[in-house]
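Novice: The sequence isn't on hand, but the structure is:
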């Protein structure tokens, strides 16, 4: 796996860690309304899903970092497979997000573009 792919994978992992914090602990903050499209009256109703999604993003970020560690410690095929799967998964999820809620087009770009670039770097 190229150095560029490793750096991008770690950058995406950090980004997913940030999203984990926002989704799991700060989703009620008014400044995050544009990111999550949540109304105050819906906080309790969506808590189960948004917190779960936050931890999903955390484990996905860990998977990316683990893929880089594997690749750097002599387990290149395994590391590349983990990074490629995770990147491909997020490209797909970005498209699902766009199809589900077009107002979240910026979130779609933030999720889909870096992971699509990462997927290309790993596969080429």
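Specialist: Okay, I see it. None of the values given here were measured: they were computed from a predicted structure. Numbers count the residues shown, from 1 in each chain.

Novice: Run through this structure and note the low-pLDDT ranges.
Specialist: 27, 32, 35-37, 45-48 (pLDDT under 70).

Novice: Which residues are in contact with residue 105?
Specialist: residue 98 (C-beta atoms under 8 Å, 6 or more residues apart in numbering). To be clear about C-beta, it is placed using only N, CA and C from the backbone, and glycine gets the same treatment.

Novice: ok, it to residue 113 distance?
Specialist: 12 Å (C-beta to C-beta, to the nearest Å).

Novice: Please report the distance of the most centrally placed residue in the chain from residue 39.
Specialist: For the chain, the residue whose C-alpha lies nearest the mean C-alpha position (C-alpha atoms, centre = their mean) is residue 16; its distance is 4.6 Å. Distance, residue 16 to residue 39, by C-beta to C-beta: 25 Å.

Novice: sorry, back to before: run through the neighbouring helices and strands of the helix or strand the residue nearest to the centre of the chain falls within.
Specialist: Using DSSP states H and E, the element containing residue 16 is helix 3-25. Here helix 3-25 touches helix 43-72, helix 76-100, helix 105-123, going by 3 or more C-beta pairs under 8 Å, 6 or more residues apart in numbering; DSSP states H and E.

Novice: Mind listing what's buried along the second one?
Specialist: Judged by neighbour count (16 or more other C-beta atoms under 10 Å), helix 76-100 contains these buried residues: 79-80, 82-84, 86-88, 90-91, 93-94, 97-98.

Novice: if I look at residue 12, how far off is residue 108?
Specialist: Taken as C-beta to C-beta, the span from residue 12 to residue 108 is 15 Å.

Novice: Compare the two (neighbour count), which wins?
Specialist: residue 12 (23 against 19; other C-beta atoms under 10 Å).

Novice: Please, which helix or strand holds residue 38?
Specialist: Here residue 38 is assigned to no helix or strand, by DSSP H and E.
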